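K.L.:
Fold the following.
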Amino acid sequence: MKTIPAAKQTLQKDWTGLFIKYDTPILKPKNNTFYSEAIFNPTVVKEGEMIYMLFRGKKLSSGSGWSEIGLASSKNGIYFDVRLKPVISPKYEYEKYGCQDPRIVKFGKTYYLTYNGASGKYGERHSSCLATSKDLTHWKKYGLILTENRFKWDSDSKKASVIVPEKVNNKYIMYFLGQQRAWHCFIGIAYSDDLIHWHEEDNHPIILPRRGHFDSMGVEPGPTPIITKEGILLFYNGWDKNKTHKTGAVLLSKRNPRKILKRTKYPVLEPTENWEERGIKVTFSEGLARIGNKYYLYYGAADIFIGLAISKKEGLAANIT
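P.N.:
I've put the predicted structure just below:
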């Protein structure tokens, strides 16, 4: 393990060196598997002493865009055993070209998994989908969510949905990516009474790109948010005109989950290693778990590998200024 190199430590003062990044991927593609081309964009959930990871896997012979969702488990959050077969595969028209980029949350005894269903070749059309499970292996699919096109700002696509793990103002909350044209993306908010049926109430996004920053072209929700005494902490992924993906963080109000309280000026995670810049420069955070008194941040690197960064201390939300 090592801290982000000094040359990259241009982060906001309180965030500098907060995460320690592993030098090498913790999971790589493996020959003769459903993830022989890529294993990336993981989500995680902690059950007792075990960490369970669901990830996006691509097979070399599957063609561009095709993906399935796999399952792995770990006792320490670092070394994972991967199941031989995927647990979610394309079956319906809305996902016929791939099941991608899962995010997981648990309510009661039920796991709720949002993922992107690709309905067009080469991944040019995506929609938010939902599935539930009691055991992380057998999943019931509910199909597309957020299907209404009421507003102009997200009329082209709604995807990358992530559910807040607690009710807010007696409603379930979900943040999602919306776009009117490719790569120019925003984060919006949706609501539900039952975790299955979701709707938008706002005709505008709540988190926008920022000119001159690492997230100047687009923003996308990352891992399942965490609820802190300060508010709802959402890590997100942002990119610039070069499409270099970096991770930022935003703190939203628990009283009004639309309201931004704080937002990092600089990224908290960015590509610095050769294996994170292979072909495309991507550190795409999608999994977050508290293990002991630290947070483990799991991310996809270069759309090929899974990387891990570990926080050096608690109080993540308090460190956003």
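K.L.:
Surely Lys140 and Lys134 touch.
P.N.:
No. Lys140 lies out of contact with Lys134 (Cβ atoms under 8 Å); the separation is 9.3 Å. Where C-beta positions appear, they are placed from N, C-alpha and C, glycine not excepted.
K.L.:
In contact with Gly222: list those residues for me.
P.N.:
162, 234-237, 247, 284-286, 288 (Cβ atoms under 8 Å, 6 or more residues apart in numbering).
K.L.:
Toward the C-terminus from the helix or strand of the chain with the lowest mean pLDDT, list the very next helix or strand.
P.N.:
When each helix and strand of the chain is scored by mean pLDDT, DSSP states H and E, strand 2-3 comes last, with a mean of 38. Per DSSP states H and E, strand 2-3 leads on to strand 19-21 as the next helix or strand towards the C-terminus.
K.L.:
re earlier: among the contacts of Gly222, which one has the most neighbours?
P.N.:
Within these, most neighbours by other Cβ atoms under 10 Å means Glu286, with 31 neighbours.
K.L.:
how close does that residue get to Asp194?
P.N.:
25 Å (Cβ to Cβ, to the nearest Å).
K.L.:
do Ile39 as well
P.N.:
33 Å.
K.L.:
Which pLDDT value goes with Ser119?
P.N.:
On pLDDT, Ser119 comes in at 86.
K.L.:
swap that for Glu200, sorry
P.N.:
The model's pLDDT for Glu200 equals 95.
K.L.:
Between Ile39 and Asp194, tell me which one has more neighbours.
P.N.:
More crowded of Ile39 and Asp194, by other Cβ under 10 Å: Ile39, with 28 against 7.
K.L.:
what is that one paired to in the beta sheet?
P.N.:
Gly57 (DSSP bridges).
K.L.:
can you pull out the strands in the stretch 151-300 of the chain?
P.N.:
157-163, 172-181, 184-192, 218-221, 226-227, 232-239, 245-252, 260-263, 283-291, 294-301 (DSSP state E, counting those that start in this stretch).
K.L.:
Can you list phi and psi of Phe77 for me?
P.N.:
Heads up, residue 77 is Gly, not Phe. Per-residue torsions, Gly77: phi 80, psi 10 (degrees, to the nearest 10).
K.L.:
any low-confidence regions in the stretch 101-250 of the chain?
P.N.:
121-124 (pLDDT under 70).
K.L.:
Output the contacting helices and strands for the helix or strand containing Ile104.
P.N.:
Taking DSSP H and E as the definition, Ile104 sits inside strand 99-107. Secondary-structure packing of strand 99-107 (3 or more Cβ pairs under 8 Å, 6 or more residues apart in numbering; DSSP states H and E): strand 38-47, strand 50-58, strand 68-74, strand 110-118, strand 157-163, strand 283-291.
K.L.:
Ok, which of those strands comes nearest Tyr97?
P.N.:
The minimum distance between Tyr97 and the helices and strands packed on strand 99-107 falls on strand 110-118, with 4.1 Å, by Cβ to Cβ.
K.L.:
what separates Val162 from Gly188, distance-wise?
P.N.:
For Val162, the distance to Gly188 - Cβ to Cβ - is 12 Å.
K.L.:
Pull up the overlap in contacts between those two.
P.N.:
With Cβ under 8 Å, 6+ apart as the test, Val162 and Gly188 both reach 175-176.
K.L.:
rewinding a little: identify whichever of the strands of the stretch 151-300 of the chain lies nearest to Trp275.
P.N.:
strand 294-301 (6.1 Å).
K.L.:
Next secondary structure after that closest one?
P.N.:
strand 305-311.
K.L.:
residues in contact with that next one?
P.N.:
Counting by Cβ under 8 Å, 6+ apart, 1, 18-22, 25-29, 38-40, 42, 55, 77-78, 269, 275-276, 283, 294-301 sit against strand 305-311.
K.L.:
Check stretch 241-248 too.
P.N.:
Applying Cβ under 8 Å, 6+ apart, the set of residues contacting stretch 241-248 is 183, 214-217, 219, 222, 235-239, 263-264, 266-271, 280-285, 297, 299.
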